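> Return a 3D structure for these sequence lines:
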Amino acid sequence: MAKIQIGDFLLDQQLSTLKKNEVETVVEPKLLELLLLFCQHPNRIISREEILEKIWQNSIVTDNAINKMVGNLRKLLLDAPKTPRYIQTVPKRGYRLICSVDIVSNIPITSVTKKSLNDCHKGKVSVPAPPKKYYAYGFIIIGVFFLLLVFILNVSSNKAAFTISKTQELTRQQGLEFSALHSENGRYVLFLKKVKINGMSQLWRKDLTTNQESLIGTHDLNIFKLIAIYNQSEKNSQKLLFIASKDKQCFIYQADWSTNKELVNIESVMDCTSMAINDIDFDISSKQLIYSALKANDQTSRIYRYELSSKKHFLMAQPEPLGIGNHSVDISPDGKKLLIMRSNADLHTQLFVLILKSNKIIEYQQFNYFVREAIWYHDSENILYFPPPPAHQILMGDLSGENNHTVVSISEYLSRNMSLIADGESLLFATNSADFSNRWLTGKNKGNLLDNSTVYEMLPALLSDDKHYLYISKRSGKSQLYMGEFASGSSKVLTQLNNYLVFKHISLSLDNNAVLLATNNRIWRLPLKALREGNLTIKTLDDYQIFRADGFIKDINWISSSLISLTYKNEKHLQLSLVDLQTEQELKLDNMWSHAILANKKNENILLVHSIDHSVYQISLSKLLASPLSNAKTSENYFVQTDMKLSTKFKQLKVFEDKLYYIDDSSRNVKLSSLPLKGEQHLESYKIMRSYGFDVSRLGILLNELVTREGDIHRTSP
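Residues are numbered from 1 along each chain as shown. This next block holds a predicted model:
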């Protein structure tokens, strides 16, 4: 493929990179397509319709998606909309690339390619005509293709029960809009909105006949999910059921919402403080809430029903909870069946149906990925569900997995909480765009972002040379391991993984020659030195797996060159283990301990965190390995208790220069805290947003943090 000079930037199509002044940036796939479209037609106005046709063929996208895409391309080119040097907005007509575009001749390209790009400057592209002797073959191929197309369409028409021609964006406010419900009379949509990442949510109502939006007062209730709208016939009023928190307590409320000023007649119907609700639905006919929750002292999620009249909870008939348990529920529109999703420790989801009248459980299809959401379609036979990432689609099919087809395909991430519109055909759904970025929390570069992309970038790990760092990014659509360089600000991809994986942890070996990557229950060790030198291409992780946990991994740390500590949650408790990387053998420690981390490389002292009161103890590695710790005593000559005590909800332990760092998630205001390993205990804390990892070195604290979160409410049209 040719390299293209675009103004001051050099585009390498094969590597998907833009380079300026020796600073190289990876270009995301859709941005690359858009940039190449502009390069093929420099100085020509390209309409929004043409962008839709060329970039999102056979997909349904919103105007806002085009705005964001052009905005992200301008950001990549360091361009300003008001004083453009690259992309100019032509009001009501589209966009135009106004810089020079030239082929770089140091890479062999065909004469056709050269001529095509040179002719772009003249507003035309010519393609040599095929020889006449090939015309006959062309007609034959076209005829065969036409017959095949007719056959496919006939088959599809017999199977497909539902198609979507377009979508409509209902909200375009700044911030994240989510959890939308449609009123039974079809006039209103209620939805929640968050303007600040850690702020309270707002309740909004949109009148679809006038397009007027109204902020509804909630009396200081922080609502985080709308459950249902239903008619209370005996009182001739419309009720809204929702989950909200107030004063650190969780309740399910119902209230009248018909006024456009505030909720009235607010009534608490269920206390949810002692549980974590995964999903919830409302059976209007029986006035019962059906919900999935992880309750106190339980290790997995189960399904319950709650009667509003008696205020009693009942455990429902359900599949045996495995892994994270039965985490999602949806009542069919006819009220006869309950759709249940259960996911195992590998986060593979299986569908079940509970017949509510007979309590009969029917087992249906098993997915090889985690299904984030599935709900019934209007006919109570088919379901709507999400495919595996990075696809931005909603699929429809029957419970056995047959007759699957796409009903929504957009350019943005989809969020959970789909809901049906009471017209027998349409659907409400929401998009969600989050920007996780790596920035310096302390040090001389405090506040600076590192090679910030517009997609998820997470799990930073600082190399000991103080010149490079590792991180995980979804720039290519799938999670890959990247290495960034501080001096140039550039990054390069180290892996080419074919499968979509969600990494939760990263840990560098003491000599920086290896790196551990972990998902929910699997750990892989990658040869970092070979990856950095370019001597190895990794497309699958099958040959690098060293451990599979019987539960969900919470923390991993290198203890020595051949030993790691591992904390995972099984069905009973937090399990702390040591794993020998040479033999791949696991040594389970006494469950009085929850976490372990190397405190000092020289004397190999280990810090252990008590699983009950989170006090921190110290022990040498040799003593730790000498005993199985089944009858361990916290005596002074065996364990040394330090003055450190961690918060009730801590995570991500790090040690650097006699300080223990961790994220304190025990309150609404998340903090990154540190404690000295020696001397007087002085807690130092930094208020942070939602974080996906951090690391510490002589350069300072590098934090991954949620910077922005945007999302809109959409509906489908039949």
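> so Ala65 is in which element?
helix 63-76 (DSSP states H and E).
> Can you give the distance of that helix from its chain's centre?
20 Å (C-alpha atoms, centre = their mean, to the nearest Å).
> what's next to that helix, contact-wise?
Residues from elsewhere that reach helix 63-76, judged by C-beta atoms under 8 Å, 6 or more residues apart in numbering: 18, 25, 27-28, 30-31, 34-35, 48, 51-52, 55, 80-81, 84, 86-87, 95, 169, 172, 410-412, 433, 454, 712. The C-beta positions use only the backbone N, C-alpha and C, and glycine is treated the same way.
> Pass me the low-pLDDT residue ranges in this structure, would you?
Scanning the chain for pLDDT under 70 picks out 1, 57-64, 105-165, 198, 233-236, 260, 451-455, 627-637, 718.
> tell me what the helix or strand containing Lys54 is packed against?
Using DSSP H and E, Lys54 falls within helix 48-55. Contact analysis of helix 48-55 by 3 or more C-beta pairs under 8 Å, 6 or more residues apart in numbering; DSSP states H and E lists helix 29-40, helix 63-76, strand 94-97 as its packing neighbours.
> right, and those - which one's nearest Ser437?
Closest to Ser437 of the helices and strands packed on helix 48-55, according to C-beta to C-beta: helix 63-76, at 12.5 Å.
> sorry, back to before: so for the helix holding Ala65, what gets flagged as buried?
Asn64, Ala65, Ile66, Lys68, Met69, Val70, Asn72, Leu73, Arg74, Leu76 (16 or more other C-beta atoms under 10 Å).
> Just send those residues back as CSV, with distance to Cys99 too.
Below are the buried residues of helix 63-76 laid out as CSV (distance: C-beta to C-beta, whole Å):
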residue, distance to Cys99
Asn64, 26
Ala65, 24
Ile66, 21
Lys68, 22
Met69, 18
Val70, 15
Asn72, 17
Leu73, 12
Arg74, 12
Leu76, 13
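> Not counting its own residues, what contacts whichever strand or helix holds Ser577?
Assigned by DSSP H and E, Ser577 belongs to strand 574-580. Strand 574-580 is contacted from outside by 523, 546-547, 550-551, 554, 559, 562-569, 585-589, 591, 593-596, 608, 611, 624-625, using C-beta under 8 Å, 6+ apart.
> Now which of those residues would you call buried?
The buried subset of those (16+ other C-beta under 10 Å) comprises 523, 546-547, 551, 554, 559, 563-569, 589, 593-596, 608, 611, 624-625.
> before we move on, the earlier item: what is the orientation angle of the helix holding Ala65 with helix 29-40?
80 degrees (axes from the mean of the first three to the mean of the last three C-alpha atoms, to 10 degrees).
> Alpha carbons of helix 63-76, as CSV, please.
Provided in CSV are the C-alpha atoms of helix 63-76 (Å, rounded to 0.1, in the frame of the first residue of the first chain):
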residue,chain,number,x,y,z
ASP,A,63,-26.1,12.6,12.7
ASN,A,64,-24.3,12.8,16.0
ALA,A,65,-22.1,9.9,15.0
ILE,A,66,-20.9,11.7,11.9
ASN,A,67,-20.2,14.9,14.0
LYS,A,68,-18.1,12.9,16.5
MET,A,69,-16.2,11.1,13.7
VAL,A,70,-15.3,14.3,11.9
GLY,A,71,-14.4,15.9,15.3
ASN,A,72,-12.2,13.0,16.2
LEU,A,73,-10.4,13.2,12.8
ARG,A,74,-9.8,16.9,13.3
LYS,A,75,-8.4,16.1,16.7
LEU,A,76,-6.0,13.6,15.1
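> partner strands of whatever helix or strand comes next after it, parallel or antiparallel?
Beyond helix 63-76 in the direction of the C-terminus, DSSP H and E gives the next helix or strand as strand 87-90. Applying DSSP bridges, strand 87-90 is found paired with strand 94-97 (antiparallel).
> Name the next helix or strand downstream of the partner strand, please.
That would be, after strand 94-97 and using DSSP H and E, strand 101-104.
> chain center to that next one, what's the gap?
38 Å.
> What residues of it count as buried?
Val101, Ile103.
> and what of stretch 266-284?
Those would be Ile266, Met270, Cys272, Met275, Ile277, Asn278, Asp279, Ile280, Asp281, Phe282, Asp283, for stretch 266-284 by 16+ other C-beta under 10 Å.
> ok, now stretch 79-97?
Asp79, Pro84, Tyr86, Ile87, Gln88, Gly94, Tyr95, Arg96, Leu97.
> Pipe those residues into JSON lines and attach distance to Ile375 per row.
What follows is the buried residues of stretch 79-97, written out as JSON lines (distance: C-beta to C-beta, whole Å):
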{"residue": "Asp79", "distance to Ile375": "42"}
{"residue": "Pro84", "distance to Ile375": "44"}
{"residue": "Tyr86", "distance to Ile375": "43"}
{"residue": "Ile87", "distance to Ile375": "40"}
{"residue": "Gln88", "distance to Ile375": "44"}
{"residue": "Gly94", "distance to Ile375": "38"}
{"residue": "Tyr95", "distance to Ile375": "38"}
{"residue": "Arg96", "distance to Ile375": "43"}
{"residue": "Leu97", "distance to Ile375": "43"}
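> which among those residues gets closest to Gln238?
Gly94 (44.3 Å).
> Who are the contact partners of Asn520?
Ala345, Asp346, Leu347, Val502, Lys504, Phe552, Ile553.
> what's the farthest-apart pair in the buried residues of stretch 79-97?
Among those, Asp79 and Gly94 lie farthest apart (C-beta to C-beta), at 16.0 Å.
> quick one, phi psi at Lys601?
In terms of degrees, to the nearest 10, the main-chain angles of Lys601 are phi -70, psi -30.
> wait, I meant Asp543
phi -80, psi 0.
> How is the chain partitioned into domains?
3-120, 161-262, 435-710 (automatic domain parsing).
> so how far is the longest one off the chain centroid?
Going by C-alpha atoms, centre = their mean, the spacing between the C-alpha centre of domain 435-710 and its chain's C-alpha centre is 20 Å.
> how long is it from one end to the other?
9 Å (C-alpha to C-alpha, to the nearest Å).
> cool, stretch 532-541 as well?
17 Å.
> okay, now Ile375: neighbour count?
22 (other C-beta atoms under 10 Å).
> about what we covered before: what would the domains of the chain look like in TSV with distance to Leu354?
Below are the domains of the chain laid out as TSV (distance: least, C-beta to C-beta, whole Å):
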stretch	distance to Leu354
domain 3-120	33
domain 161-262	19
domain 435-710	23
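> To Leu399, which of those lies closest?
Nearest of the domains of the chain (C-beta to C-beta): domain 161-262, 13.6 Å.
> Next up, the contacts around Thr300.
Taking C-beta under 8 Å, 6+ apart, one finds Leu294, Pro321, Leu322, Gly323, Ile324, Gly325, Glu571 in contact with Thr300.
> try it again with 7 Å
Thr300 sits next to Pro321, Ile324, Gly325, Glu571 when contact means C-beta atoms under 7 Å, 6 or more residues apart in numbering.
> In TSV, list those along with secondary structure.
What follows is those, written out as TSV (DSSP: H, G, I helix; E, B strand; the rest coil):
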residue	secondary structure
Pro321	coil
Ile324	coil
Gly325	strand
Glu571	coil
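> quick one: which of the buried residues of stretch 266-284 sit in helices?
With helices taken from DSSP state H, there is no overlap with these.
> how near is the spatially closest residue to Lys3 that is not a sequence neighbour to Phe9?
Once flanking residues are discounted, Lys3 sits nearest to Val104: 4.1 Å by C-beta to C-beta, 6 or more residues apart in numbering. To Phe9, Val104 is 11 Å away according to C-beta to C-beta, to the nearest Å.
> quick revisit: just the angle between the helix holding Ala65 and helix 48-55, please?
Computed by the same axes, to 10 degrees, the angle between helix 63-76 and helix 48-55 is 80 degrees.
> how about the helices of the stretch 601-718 of the chain, start to end?
621-626 (DSSP state H, counting those that start in this stretch).
> typed the wrong thing, it's the stretch 401-550 of the chain
With DSSP H, counting those that start in this stretch as the criterion, the stretch 401-550 of the chain has helices at 528-532.
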